[in-house]
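Undergrad: Make a model of this:
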Amino acid sequence: MPLPADFEARLWAAADQLWTNSSLQPSEYATPVLALIFLKYADHRFAEAEKKRASPRRRRGAGRDDHRAEGVLFVPEEARFGRLLELPAGADIGEALDDAMSAIEAENEHLKDVLPKAYGRFDAKTLRGLLELFGAIPASVEGDVFGRIYEYFLGNFAPRALQKGGEYFTPYSVVRLIVAIVEPYRGRVYDPCCGSGGMFVQSASFIAEHRERAAEEISIYGVEKTAQTLRLARMNLAVHGLSGDIREANTYYEDVHEQVGRFDYVMANPPFNQNAVDRERLKDDTRRFPFGVPSVDNANYLWIQLFYSALCATGRAGFVMANSASDSRGSELEIRRRLIQAGAVDVIVSLSESFFYTVTLPVTLWFLDKGKAKGARKDKVLFIDARHIYRQVDRAHRELTAEQIEFLANIVRLYRGEEPESLHGSRKLVKQTFAKGRYADVPGLCKAATLAEIEAQGFSLNPGRYVGAADRAVEDFDFKERLEQLNEELERLNVEARGLEARIADNVAALLETG
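TA: Okay, here's the model as predicted:
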């Protein structure tokens, strides 16, 4: 059963009404509300698994180990959503929800200390309203509807202040573009600043689109320094049927996953231009920072090296980076030069402003590929200027449509010698742009620059320096006739200007006489 296109929006609007009069801040109710969606989803999957395993010949249902083997959370009786909905009037719903969350954690070790247990802070009317709201989600829905709802709520909570919005949440269209270009089909996926785990979830979605089961194809590893955000990430994975090794740590100083050379894919949205990192503690860590620690108080090139050093010999990375990193000077320029000459920089994409909730400036996406050093692209970098490609969501925010994401990823696929995809309707746009069916530089859009060209530009990684301006269409008009028209218009304006000057002069003279 498909859901209406605006179903998530309706749920959000209804939930928003329920807590409008609450005294809680968004940062206080975000996690508990998301956990209720998680609970409904876990109960739904558990019930579906029970139905599939039911048999007239079996006298008992599936055990805990059976469900775990299928990637399904075991939901004990006291945590079943239907039971919570049926609590009588006057029952302590807050306490019942706390007990339900504790019971799920007790049966599923990887969720230990993840789920919230402070529902007593909500009034009973609001809690019952939320239970009824999420309980009304049809049981016969198609696809990952609970994941969709969870993501919609997570995205709407982002601008309402939890972890300052952008520090834990990367807009989905940006994440999807990174994933589409990295193409994490199988292997170890790593995000050393994973926030709410969006890179992992979208990697799984990418794999599912290509008819594979993510849980069988990828292993997930992450680091998050904030305990509250770490809980969001673990819930986000669980609500999408995923699990992984995500740990609380400070990636600058702690190498909790022994990351060097270990991962097939690294995808991340690190904090931009972060300062006050203790560089003295890092200067001797030449394995994770092989090109040196920058002398400036800015962590951008620390993150870039962390991503680079975590890749295996054929690994790919995709990450968001502040525009300023593309042209920075001094010690950062030297690190960038060494990175480029190592042959790892593969693709650079510039996006327009207003994609992020807390960063209005435009950003750049960097893509590394250690495997290209031995291939045909070893001495080239693909630059894409996508600043003119977006959909305006509202006055303050932009996003990429599924077709635009696929089109940009197809530019990279053609550049790599791969077949373009058309799962999201980009075939016509690809054909219009690359009529011969193979990659070619397009002024104003993309340019495959050589290392010599990049060196001539002072090792800049700013796409605008290479892509240039789009070809202007040839105007079909008679130049002499148009020039005469423009001259006549100029003369008319000059006559009007002289008339205004005369009137102003007369008015000034009159004022002086009366004065």
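Undergrad: count of residues packed around the closest residue to residue 264 other than its chain neighbours?
TA: The spatially closest residue to residue 264, leaving aside those adjacent along the chain, is residue 187, at 3.0 Å (C-beta to C-beta, 6 or more residues apart in numbering). Backbone N, C-alpha and C define where each C-beta goes, glycine included. Neighbour count of residue 187, defined by other C-beta atoms under 10 Å: 16.
Undergrad: With residue 329 instead?
TA: Per other C-beta under 10 Å, the neighbour tally for residue 329 reads 10.
Undergrad: what's the answer for residue 284, then?
TA: Neighbours of residue 284 using other C-beta under 10 Å come to 9.
Undergrad: before we move on, what about the one 5 residues further on?
TA: Using other C-beta under 10 Å, the number of residues around residue 289 comes to 21.
Undergrad: The one 10 residues further on now?
TA: Using other C-beta under 10 Å, residue 299 is surrounded by 21 other residues.
Undergrad: which phi and psi does it have?
TA: Here is the backbone geometry of residue 299 (degrees, to the nearest 10): phi -90, psi 0.
Undergrad: moving C-terminal of the least confident helix or strand in the chain by mean pLDDT, what's the next helix or strand?
TA: Least confident element among the helices and strands of the chain, by mean pLDDT, DSSP states H and E: helix 64-69 (a mean of 61). Under the assignment DSSP states H and E, the closest C-terminal helix or strand after helix 64-69 is helix 81-85.
Undergrad: Report the distance from that next one to the chain centre.
TA: Centroid separation for helix 81-85 versus its chain: 34 Å, with C-alpha atoms, centre = their mean, to the nearest Å.
Undergrad: can you give me the helices for the stretch 1-150 of the chain?
TA: 7-18, 26-53, 64-69, 81-85, 93-107, 124-135, 145-157 (DSSP state H, counting those that start in this stretch).
Undergrad: Check the ones you listed for me: which has the lowest mean pLDDT.
TA: Here the lowest mean pLDDT among those goes to helix 64-69, at a mean of 61.
Undergrad: for this protein, what spans make up the strands?
TA: Ranges of strands in the chain, per DSSP state E, are 187-191, 218-224, 245-248, 263-268, 311-322, 345-350, 363-369, 380-385, 391-392, 398-399, 446-450.
Undergrad: coming back round to it: any idea what the residue nearest to residue 264 is bridged to?
TA: residue 218 (DSSP bridges).
Undergrad: Just confirm residue 467 contacts residue 384, I think it does.
TA: Yes. Counting by C-beta atoms under 8 Å, residue 467 touches residue 384, with 7.4 Å between them.
Undergrad: And those two? Which one has more around it.
TA: Using other C-beta under 10 Å as the criterion, residue 467 and residue 384 rank with residue 384 on top: 25 against 22.
Undergrad: partners of that one in the sheet?
TA: residue 349, residue 446.
Undergrad: show me the contacts for it.
TA: Residue 384 sits next to 347, 348, 349, 350, 408, 411, 412, 445, 446, 463, 467 when contact means C-beta atoms under 8 Å, 6 or more residues apart in numbering.
Undergrad: which among those gets closest to residue 263?
TA: For the contacts of residue 384, the residue nearest residue 263 by C-beta to C-beta is residue 347; the value is 18.4 Å.
Undergrad: Could you check how far that closest one is from residue 382?
TA: Look at residue 347 and residue 382: by C-beta to C-beta, to the nearest Å, they are 5 Å apart.
Undergrad: Next: residue 185.
TA: Distance from residue 185 to residue 382, by C-beta to C-beta: 20 Å.
Undergrad: between these two, which one's more packed in?
TA: Taking other C-beta under 10 Å, residue 185 and residue 382 do not tie; residue 382 has more neighbours (25 against 14).
Undergrad: State the number of residues packed around residue 416.
TA: By other C-beta under 10 Å, the residues close to residue 416 number 18.
Undergrad: Would you confirm that it contacts residue 371?
TA: No. Counting by C-beta under 8 Å, residue 416 stays clear of residue 371, with 10.5 Å between them.
Undergrad: For residue 146, which residues are in contact?
TA: Contact analysis of residue 146 by C-beta under 8 Å, 6+ apart lists 37, 40, 41, 44, 137, 239.
Undergrad: can you tell me which two in those residues are farthest apart?
TA: Farthest apart among these by C-beta to C-beta are 137 and 239. That separation is 12.8 Å.
Undergrad: which neighbours do residue 347 and residue 382 share?
TA: What both residue 347 and residue 382 touch, as defined by C-beta under 8 Å, 6+ apart, is the set 412, 415.
Undergrad: For residue 27, find the nearest of the strands of the chain.
TA: strand 218-224 (16.1 Å).
Undergrad: Flag every buried residue along the closest one.
TA: 218, 220, 221, 222, 223, 224 (16 or more other C-beta atoms under 10 Å).
Undergrad: Could you do stretch 326-341 as well?
TA: Residues of stretch 326-341 classed as buried: 326, 327, 328, 331, 332, 333, 334, 335, 336, 339, 340 (neighbour count, 16+ other C-beta under 10 Å).
Undergrad: now stretch 423-438
TA: 424, 426, 427, 430, 433, 434.
Undergrad: what's the answer for stretch 79-91, then?
TA: Of all the residues in stretch 79-91, those buried under the rule 16+ other C-beta under 10 Å are 79, 80, 81, 84, 87.
Undergrad: How about stretch 394-407?
TA: 397, 398, 399, 400, 403, 404, 405, 406, 407.
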